[in-house]
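K.L.:
Here is the input, now give the coordinates:
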Amino acid sequence: ARLGVDGNGEVHFELMSPHLARGRYDIHYDRLSALTEGGELSPEQKRRLKPIIRRLELVNWRQNTLFRIIDLLCHGQRGFLATRDGLKRSPITQRQMARKLSVAPSTVNRAIQDRSLVMPWGEEVLLGELFRSRKDICVDALERLGAEEKGFSKLADRELLGWLKDMVGVSVPRRTLN
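P.N.:
Numbers count the residues shown, from 1 in each chain. Presented below is the predicted three-dimensional model:
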């Protein structure tokens, strides 16, 4: 998918894969029921129809899950996507996403496997790279502070904790910081 940001800072995506852009299969269950009960199909055709319908439902479910993952990621990471500032990343893990979508974490993992996004600034990244834990965000922020601040190693824990809270919006215990 290719991500874009409109004038209001809202992130949208457009699919580049013809398979995904095609959309979902529309299954008319009432028509199917009338067709199978109406005697227009032979017993062999009825038997072969059920696995086909199950397969179409599975394809629809997979595609819907991927759309929902991309949509929630775009919404959750809109600050980062609009500004390209790593400090504006939100902590979102695959487990949290799975809970939001009411699916197993392995489902989220399989859905994002080997899928990529083209960021608004043109860089292509794997979909999994938009998932960040609180720990990853804190480590990235501290590395950035260490590169920018000359006296970084002499800063007190309280100062670092305050900086993390103000700049990244994440509060962590002092022991975690150490």
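K.L.:
buried sites along the helix or strand that contains R158?
P.N.:
Assignment of secondary structure by DSSP states H and E places R158 within helix 157-167. For helix 157-167, the neighbour count (16 or more other Cβ atoms under 10 Å) marks L160, L161, L164 as buried. In short, each C-beta sits where N, CA and C put it, glycine included.
K.L.:
Does it pack against any helices or strands, and if so which?
P.N.:
When contacts are defined as 3 or more Cβ pairs under 8 Å, 6 or more residues apart in numbering; DSSP states H and E, helix 157-167 packs onto helix 134-148, helix 174-177.
K.L.:
Excluding sequence neighbours, find me the nearest residue to N64.
P.N.:
Spatial nearest neighbour of N64, chain neighbours left out: R24 (6.9 Å); criterion: Cβ to Cβ, 6 or more residues apart in numbering.
K.L.:
for the protein, which helix is longest?
P.N.:
Using DSSP state H to define each element, the chain has its longest helix at helix 43-76.
K.L.:
Mind giving me the packing neighbours of it?
P.N.:
With contacts defined as 3+ Cβ pairs under 8 Å, 6+ apart, helix 43-76 has these neighbours: strand 11-14, helix 29-37, helix 94-101, helix 105-112.
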